[in-house]
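Enquirer: Sequence and predicted model, in that order:
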Amino acid sequence: MSDALKHECGIAVIRLLKPLEYYKEKYGTAFYGVNKMYLMMEKQHNRGQDGAGFASIKLDTKPGERYISRVRSIAQQPIQDIFAQINDRVNKEFVEHPEYADDVTAQKKNIPYIGEVLLGHVRYGTFGKNSVESVHPFLRQNNWMHRNLIMAGNFNMTNVKELFGNLIELGQHPKEYTDTITIMEKIGHFLDDAVSKIYKDLKKEGYNKRNASPLIAERIKVAKILKRAAKNWDGGYAMAGLIGHGDAFVLRDPAGIRPAYYYKDDEIVVVASERPVIQTVFNVKFEDVKELDPGQAIITKKSGEVRLKQILEPLEKKSCSFERIYFSRGSDAEIYQERKTLGKLLIPKVLEAINNDTKNTVFSYIPNTAETSFYGMIESAEAFINETKTKAILNGQRSLSAAKVTEILSERTRIEKIAIKDVKLRTFITEDSSRDDLVAHVYDVTYGVIKPNDNLVIIDDSIVRGTTLKKSILKMLDRLNPKKIIVVSSAPQIRYPDCYGIDMANLESLVAFRAALELLKDTNKYDIVEEVYNKCIKQTDIDDKHVKNFVKELYDPFTDEQISDKISELLSDESINAEVKIIFQSVDNLHKACPNHLGDWYFTGNYPTAGGNRVVNRAFINFFEGNKERAY
Ligand SMILES: O=P(O)(O)OC[C@H]1O[C@H](OP(=O)(O)OP(=O)(O)O)[C@H](O)[C@@H]1O
C-alpha cells in the first residue's frame, strides 16, 4: 500500500427545487446555489486541502447553449481559488452586461456556473502527483444530454483492478487506469445501456429521436443503473453524481464506512459528508439533517422528485470511527460528545500513571483535533480532585480550620497551553515524503510553566506513524524538563492499514506494527513473522470471502500494555531525559464513546468487507518481501 490512491475527501451536492427566479426574489440572487456551495465546501476544508472542484448543471437549456460548467484547482487555497475564478467571470459578465442584473433568464442563458444542480468536492491527494486532472468532479461527456455524467466521490475501492478488468470484458478500452474513471465508466456503461433500451421502447411507441429525448430523461431509473454498476464494488464510498439532463444521486457503501448526510425541504435538497456543514449553511436543526443509510442512495430526479432507494443490501453497519476521532469537524453535536467521552475514559489509566499526584501534574493537548478530548479528560480529572477534596474535608471531621479548608479547596487541575501549532495544516494527511520535515517545524512550546518535579500529561487524538511525537512533540516537551511525560492517545493503537479512504499508511510505517516486530525479536518469537507470511501466501489465490487476517497473530502474544510500552521506547530516543509513557484508548472504551460508529478495522483487524482481508494479506506480503507496490 505504499502509494495507495486516497480519497480522504468531502462532497457536497445541492439541488435547487424551485426556478432560479425564486431565489433571486427571496434571497436577492439567482446565484444562491453557488454561494451556498462555496460555504459548504469551505466548511469541509478539514476534509481536503489539496484540491477542490465544482460543477453545475442548468436545467432545460436550448440546444447550443452550454449547460455544464466545471472548475477545478490545486492552488494553495483551492476552494478560494475556484470561487475567485467563478466570481471573476460572473462579475465580468455583469460589468459587460448591466442589463443582466435583474434578468435571471439572461443570467442563466449567458453566465456559466449558475445552475439548479451543483456538485462540490474537496480533496486530499496524497497519492503521487497532485495534478489538476485528478481533482474531482470528473466529466464523461456526450452529445446526448442524458449520457453526460459528472462524478465526485469520497471513496476507496479495494478491487479497482477487478473492476477495471470488468470494463475490458465489456469490450471497453479505458484510456487510463484510475479508480474514479473506472467507477464512472461502470456507471456510464449502464447509463448508456438504459438510454438505448428506453429509446428502443419509445421508438416502438412511435416517438421520433428528437421527441424521445425529454422522455428518456424522465424514464431513466437511476436506482437501477446504480444497482447494476455497484454490484461488485468492494470498498468505502459516498459517491455523488449528476446526469446531464439534471438527475442527481449520492450512493453510500453497504457498510456505511464513509459518511453521508442529507437535508431536504421544498426549496432544496442537500447532501454533504458532515452534518454540521448542512446545519450551519442552511440554518437547520440537528434532527432535520439525516444520515444516509448504508447501501442507500438519495436520488433527485430532474422533475424534483426525491427518493431514498436501497441500492445494495446493507452489511453490518461499520461506519469509520476514525471520522469521529479525527477526520470530521468536532462541531457535530454527537462527535463533540464522543470526543469528550474518549478523553474522560482515559483518566483512570492517567491517574495510575501519575500515582494520583494531580498536584504535580500539568495537563495539556496537542493541537488541534485533540482539544475536545482534552476537555473531557479535564472534566474527569476535576471530578477526581473533587472526590479527593470531599474525602479530605470529611476526614477532618469538622475540626479543620478555615485556612485548611481553603487550602484543600484551592487545589485545581493544572491546565496549560503547552504545545502550539504554528501552521494551520493537517499534517497527518500530508504526503509522506514531505511530512517529516513539516511535522518537525509545525509545533512550538510554551516555556516557564513546568516545574522540574512535574508530570506532563498531553493528549493527542491518535498516534499513527509516531512521527509527530518522535520528530517534534517529545523533543520539545523534554526541553521543559518535566519528570515524566505521559502521552495519551484518544484512539486505540493503529495496528492495521486502512483501505477505505483514510490514509493509515502501509504496515511498516505504523508504529504499533513496528513495536510488535520488536517485541517478537525481544522474545525470540520472530519465527511467527515467517509463519504468517506463509499463511498469507497460501491465501493469495483464493476467493476474497475466504481470506483471513493472519496479521493478527503478530500481536496475539502480547498485551496492549506491552505494545504501548514498546511504542514509548521506539519514540523516545536517548536524547530525551524525562521518563516517557504512552497510554492508548482501549477498543472497548472506543466503542463505549462512539456506540453508533463501530468501524474499527485499523485497531482490531476486523475488516468490514471481504476486500479488506485481501488488502491486509497483500500489505503483509509486500512488507515481508520488501515490495513497495500497492496492496490493492
Ligand atoms: O503519528 P502520526 O503519524 O504523526 O500522526 C498522528 C498525528 O497527525 C494528526 O495531526 P494533524 O496535524 O493532521 O491534525 P490536527 O491539527 O487536526 O490535530 C493527529 O492529530 C496526530 O497529531
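Expert: That came through fine. Residues are numbered from 1 along each chain as shown.
Enquirer: what residues does the stretch 151-300 of the chain put near the ligand?
Expert: By the rule CB under 6 Å from any ligand atom, no part of the stretch 151-300 of the chain lies against the ligand. C-beta here means a position set from N, CA and C on the backbone, and glycine is covered the same way.
Enquirer: In the stretch 151-300 of the chain, which residue sits nearest the ligand?
Expert: Relative to the ligand, the nearest point of the stretch 151-300 of the chain is residue 274 (14.3 Å; CB to the nearest ligand atom).
Enquirer: confidence score at the residue of the chain most remote from its centre?
Expert: Residue farthest from the centre of the chain, counting by CA atoms, centre = their mean, is residue 399 at 57.6 Å. Residue 399 is assigned 92 on the pLDDT scale.
Enquirer: Quick check: it is in a strand.
Expert: No - assessed with DSSP: H, G, I helix; E, B strand; the rest coil, residue 399 is coil; it does not lie in a strand.
Enquirer: rewinding a little: in contact with the residue of the stretch 151-300 of the chain closest to the ligand, which residues?
Expert: 10, 43, 44, 47, 259, 261, 328, 329, 332 (CB atoms under 8 Å, 6 or more residues apart in numbering).
Enquirer: State the distance from the residue farthest from the centre of the chain to residue 234.
Expert: 71 Å (CB to CB, to the nearest Å).
Enquirer: repeat for residue 516
Expert: Residue 516 sits 27 Å away from residue 234, going by CB to CB.
Enquirer: swap in residue 106?
Expert: 48 Å.
Enquirer: These two - which one has more neighbours?
Expert: residue 234 (23 against 14; other CB atoms under 10 Å).
Enquirer: need the contact list for that one.
Expert: Counted by CB under 8 Å, 6+ apart, residue 234 has contacts 157, 158, 159, 544, 609, 610, 611.
Enquirer: any chance of these in TSV, plus distance to residue 181?
Expert: As requested, these are exported to TSV (distance: CB to CB, whole Å):
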residue	distance to residue 181
157	12
158	17
159	15
544	23
609	22
610	24
611	19
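Enquirer: Next step: those restricted to strands.
Expert: Taking DSSP state E, the ones among those that sit in strands are residue 157.
Enquirer: Look at residue 574 and report its pLDDT.
Expert: pLDDT, read off for residue 574, is 87.
Enquirer: State the phi and psi torsions of it.
Expert: phi -60, psi -20 (degrees, to the nearest 10).
Enquirer: go on, residue 487?
Expert: The phi/psi pair for residue 487 (degrees, to the nearest 10) is phi -90, psi 130.
Enquirer: Do I have it right that it meets residue 580?
Expert: Yes - the criterion here is CB atoms under 8 Å, and residue 487 meets it with residue 580 at 7.1 Å.
Enquirer: shared neighbours, the two?
Expert: 474, 568.
Enquirer: Compare the two and say which is more crowded by neighbours.
Expert: In terms of neighbours (other CB under 10 Å), residue 487 is the more surrounded of residue 487 and residue 580; the figures are 26 against 21.
Enquirer: Test of understanding: give the bridge partners of that one.
Expert: With beta bridges defined as DSSP bridges, residue 487 has these partners: residue 458, residue 582.
Enquirer: residues touching it, list them.
Expert: Here residue 487 is in contact with 458, 459, 460, 463, 469, 473, 474, 568, 580, 581, 582, 583 (CB under 8 Å, 6+ apart).
Enquirer: can you check residue 480 too?
Expert: Taking CB under 8 Å, 6+ apart as the test, what residue 480 contacts is 418, 445, 447, 449, 450, 456.
Enquirer: Is it within a helix or a strand, and which one?
Expert: Using DSSP states H and E, residue 480 sits within no helix or strand.
Enquirer: Show the backbone phi and psi for it.
Expert: phi -80, psi 0.
Enquirer: Could you list the contact residues of the chain toward the ligand?
Expert: 326, 366-369, 421, 426-428, 460-468.
Enquirer: Now do the buried residues in stretch 96-115.
Expert: 100, 104, 107, 108, 111, 112, 113, 114, 115 (16 or more other CB atoms under 10 Å).
Enquirer: Stretch 577-591 now?
Expert: For stretch 577-591, by 16+ other CB under 10 Å, it's 578, 580, 581, 582, 583, 584, 585, 586, 587, 589, 590.
Enquirer: quick one: pLDDT of the third one?
Expert: pLDDT recorded at residue 581 is 97.
Enquirer: Lowest average confidence across helices and strands of this protein, where is it?
Expert: helix 432-442 (a mean of 70; mean pLDDT, DSSP states H and E).
Enquirer: Mean confidence (pLDDT) on the very next helix or strand once past that helix, please.
Expert: For helix 432-442, the succeeding helix or strand toward the C-terminus, using DSSP H and E, is strand 443-445. For strand 443-445, mean pLDDT is 84.
Enquirer: In the sheet, which strands lie alongside strand 443-445, parallel or antiparallel?
Expert: strand 419-421 (antiparallel).
Enquirer: Pull out the buried residues from the partner strand.
Expert: residue 419.
Enquirer: For it, give the mean pLDDT please.
Expert: 90.
Enquirer: burial count for residue 242?
Expert: 27.
Enquirer: Wasn't it part of a strand?
Expert: Yes - membership of residue 242 in a strand is supported by three-state DSSP.
Enquirer: Might one say that residue 116 is in contact with residue 34?
Expert: No - in this structure, residue 116 is not within contact of residue 34 by CB under 8 Å, at 11.0 Å.
Enquirer: so where do the strands sit in the stretch 301-450 of the chain?
Expert: Using DSSP state E, counting those that start in this stretch, the strands found in the stretch 301-450 of the chain span residues 306-310, 361-365, 414-415, 419-421, 443-445.
Enquirer: can you list contacts of the first one?
Expert: Applying CB under 8 Å, 6+ apart, the external contacts of strand 306-310 come out as 223, 226, 264, 269, 292-293, 295-301.
Enquirer: Filter those residues down to just the ones in helices.
Expert: Of the contacts of strand 306-310, the ones assigned to helices by DSSP state H are 223, 226.
Enquirer: so what's residue 481 closest to, chain neighbours aside?
Expert: residue 452 (5.4 Å; CB to CB, 6 or more residues apart in numbering).
Enquirer: how about the one you found, phi and psi?
Expert: Residue torsions, per degrees, to the nearest 10, at residue 452 are phi -60, psi -30.
Enquirer: Thank you, goodbye.
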